[in-house]
Structures are given as structure tokens and as C-alpha cells.
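Visitor: sequence plus the predicted model coming up.
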Amino acid sequence: MTRRYVAIGTEASYGVAPGVGLSGLKVTSVNESFDPGLIFEETCDSQTVNNAYGGAQKYTGTIEAFLRPAQMDPLFQCLFGAPVGGVFTLAATPKSMSMEICTDGNGVENAIRYLGVGISSMEMNLTAREAVTTRWNYFAKSSSKVAAQASVAYPEAEPALFWGATITLRGGASTTIKSMTMNIERGLDPDDFVVGHSQLQGLVINAVPNISGSITLSQREWTEFQRALYADGGGTAYAPLTTRGDTSSHEPGQTNMVASFKDRNGDDLCKIETDVAVYTDASRSMRGRAGIEKTVNYRVIGDTFEFTDLTD
């Protein structure tokens, strides 16, 4: 029987495939796109475009998968860089990886291998009644048609599930979060082309990393929504203000956040921590007697963000 698979592996040098076989990654969907960057020539003597020439080659796409840290180490190294003691931070330099995507059609396996793959962003979604999902946006230096791997080994890994997740805000575990998103944009430049080459020559950061997302709250929750609207009143205990204006606080509401994830067996998978996240805006709506929808958007500030792989 023909196979479909995605296999990945961290590169020691940019654009150079690892010396060992790539490991399998369980995915729910994958998308690949190739743009040859054609340069069109319009000349005075031609009624249409005179010619087209190959330009800056761009290989981009997305990968969607349940959160399985044990299978995603190359992805996290591409997003953050090499971990220290299982802890990923924004202080390290992002790695590149090799990736092989194999499809099947009419009983034939068609595999394409990408080299010099960088991860520009990752979005994680935690929603009640669902598994924790991730979406990875990638770009690559080059691609080639290769023979499919004879076999693909998948590291043993259970996915993170919503009922095994704990979201802690300001030191207290929340029981009123309906869903949460987190988007990590690394600031890598997918268009860092140089004279003399039609392909990328390395990974370059040209923007401040951005970590942001949203939290949808149960209609039972009021304190956290009020914190987003009115910020703190100061003092050692949290006391939200109740107004905003020329004479009241203009400081942003903020929180610290810890998100922990387990699999169906209760085994720890990973943990996300940040000391400071500011609420950028908030909204609420109601219709008839339906539940009141409350959403707060946040953005991480400072250098306190950590992602810990607990499967090692």
C-alpha cells in the first residue's frame, strides 16, 4: 500500500540534509506552494510579454497537527533555536531543518524533500472539547524530487487534549476559559535574497518577535474581563479600577500566564510560561438569552517567555 507522510529533521548546517533518516510527524493537513519569482520582460516591439525568466525561488506552505512535543522537536528548534535543559526561549538563534513530504496517487509515491526550512510562525489553539492543535508556516531554500524513504519511524507521542490543560493567570488556575489561542511570530525574513543566488542563503531575523493571542471567557467570568478593561488599582492585592478617562488609569491591564498540557494518560507534555502579558483590547456581545461572549486579546512583553518540553 502506498503511503502519505511528513518527515522532519534538524540541520547542522543550513540547507544540508541530516546524515540520518528523517523522523515521522503526525499531521492533519499540509500545504505546499512554489513561486519561481518569474521576471517578465515587456518590450516595445512585442504585443504581449516578450519573455519570462526565473527569479527568486520561494517555497512556502503550512503544516497542521495536534500538539505532540515529542515529535515536534525540529519544529520547535526552527521556531526558537536549540533548547537548554529542555527549555526553549527567544534568546537562541533559530535552526533550520530538512523536511520530506510524500503523497500517493494511482499507487505511486511522490516525495519532495525541502532543505533549509525555516519556521516563520506557529499558532496554537486550545478549545474545549477538542485536542490542542498547531499550525506552522514554513519557507524553504530548495526542493527536489526524491525516492520515498523505505520506512518512516514515528517517535511515540500522545497528543495534548483540552481536559488535560491548565491555564493559570496571576497564580490561580482558571476554570472559566472556553478557548485560547497563541501566535508566535519569530521575525524571520523569507525574502532575504542576495545577488548571485536565486535561493535563500540563510535564516535572518529582521523583526521583533511577536507573541500574542486571545482568550475567550465563560459568561461566569468577570474579574479577568474587568482587568482587561480597567487594569489594576495598585497595591499588593488586585483591585481593578472601574473607570477609564482623563483622570483614571491609562495603564494596560496585565497578567502572568502559565499553560500546562497533559496527554490522555495524565503524562506531562509541555509548559508555556510568561511573566508579563498585557491585554491589548477586549470585547463582549450578547444576543437574546444566549450566553454572553467575552474575549480579551493579549501580547507578551519583556524577555520572560519560556516553552518547556516535559517529554524528555
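Guide: Nice, thanks for sending it over.

Visitor: which one in the chain is furthest away from the centre?
Guide: For the chain, the largest distance from the centre (Cα atoms, centre = their mean) belongs to residue 45, which lies 49.3 Å off.

Visitor: enumerate every residue touching that residue.
Guide: By Cβ atoms under 8 Å, 6 or more residues apart in numbering, the contact list for residue 45 is empty. Yep, even glycine has a C-beta here, placed from its N, CA and C like the rest.

Visitor: who touches the helix-or-strand element of the chain with minimal mean pLDDT?
Guide: Least confident helix or strand of the chain, by mean pLDDT, DSSP states H and E, is strand 172-173 with a mean of 80. Defining contact as Cβ under 8 Å, 6+ apart, one finds that strand 172-173 is touched by 166, 167.

Visitor: need the next SSE after that strand, C-terminal direction.
Guide: As assigned by DSSP states H and E, the chain's next helix or strand after strand 172-173 is strand 177-185.

Visitor: summarise which helices and strands that next one is packed against.
Guide: Where contact means 3 or more Cβ pairs under 8 Å, 6 or more residues apart in numbering; DSSP states H and E, strand 177-185 is packed against strand 108-127, strand 210-217.

Visitor: chain center to it: distance?
Guide: Distance of strand 177-185 from its chain centroid, counting by Cα atoms, centre = their mean, to the nearest Å, is 10 Å.

Visitor: partners of that strand, with directions?
Guide: Partners of strand 177-185 in the sheet, by DSSP bridges, are strand 108-127 (antiparallel), strand 210-217 (antiparallel).

Visitor: can you map out the strands along the stretch 151-300 of the chain?
Guide: Assigned by DSSP state E, counting those that start in this stretch, the stretch 151-300 of the chain shows strands spanning 166-169, 172-173, 177-185, 210-217, 254-262, 268-285, 293-300.

Visitor: now the fourth one against strand 293-300, angle please.
Guide: Counting by axes from the mean of the first three to the mean of the last three Cα atoms, to 10 degrees, strand 210-217 lies at 160 degrees to strand 293-300.

Visitor: so which bits of strand 210-217 are buried?
Guide: For strand 210-217, the neighbour count (16 or more other Cβ atoms under 10 Å) marks 211, 212, 213, 214, 215, 216, 217 as buried.

Visitor: hmm, back to that, the residue farthest from the centre of the chain in helix, strand or coil?
Guide: Recorded secondary structure, residue 45: coil (DSSP: H, G, I helix; E, B strand; the rest coil).

Visitor: now the one 4 residues further on
Guide: Assigned with three-state DSSP, residue 49 falls in the coil class.

Visitor: Provide a list of residues in contact with the closest residue in space to it that isn't next to it in sequence.
Guide: Spatial nearest neighbour of residue 49, chain neighbours left out: residue 40 (5.0 Å); criterion: Cβ to Cβ, 6 or more residues apart in numbering. Neighbouring residues of residue 40 by Cβ under 8 Å, 6+ apart: 49, 51, 52.

Visitor: Validate this expectation: residue 40 resides in a strand.
Guide: Yes: per three-state DSSP, residue 40 lies within a strand segment.

Visitor: and the residue nearest the centre of the chain, what pLDDT?
Guide: Nearest to the geometric centre of the chain sits residue 122, at 1.0 Å (Cα atoms, centre = their mean). On the pLDDT scale, residue 122 is placed at 97.

Visitor: for the stretch 1-150 of the chain, which spans come out with low pLDDT?
Guide: 1 (pLDDT under 70).

Visitor: what about the strands in it?
Guide: 5-10, 23-24, 29-35, 39-41, 51-53, 58-66, 87-88, 97-105, 108-127, 133-140, 142-146.

Visitor: neighbours around residue 207, how many?
Guide: 10 (other Cβ atoms under 10 Å).

Visitor: contact partners for the closest residue to it other than its chain neighbours?
Guide: Nearest residue to residue 207 in three dimensions, chain neighbours excluded: residue 187, at 3.6 Å (Cβ to Cβ, 6+ apart). Residue 187 makes contact with 205, 206, 207, 208, 209, 210, according to Cβ under 8 Å, 6+ apart.

Visitor: what are the phi and psi angles of residue 187?
Guide: Backbone geometry at residue 187, expressed as degrees, to the nearest 10, gives phi 90, psi 20.

Visitor: closest one of the contacts of residue 40 to residue 114?
Guide: Residue 114 has its nearest neighbour among those in residue 52, at 24.2 Å by Cβ to Cβ.

Visitor: ok, how many other residues are close to the residue nearest to the closest one when sequence neighbours are not counted?
Guide: The shortest distance from residue 52 to any non-neighbouring residue, by Cβ to Cβ, 6+ apart, is to residue 38 (4.8 Å). By other Cβ under 10 Å, the residues close to residue 38 number 12.
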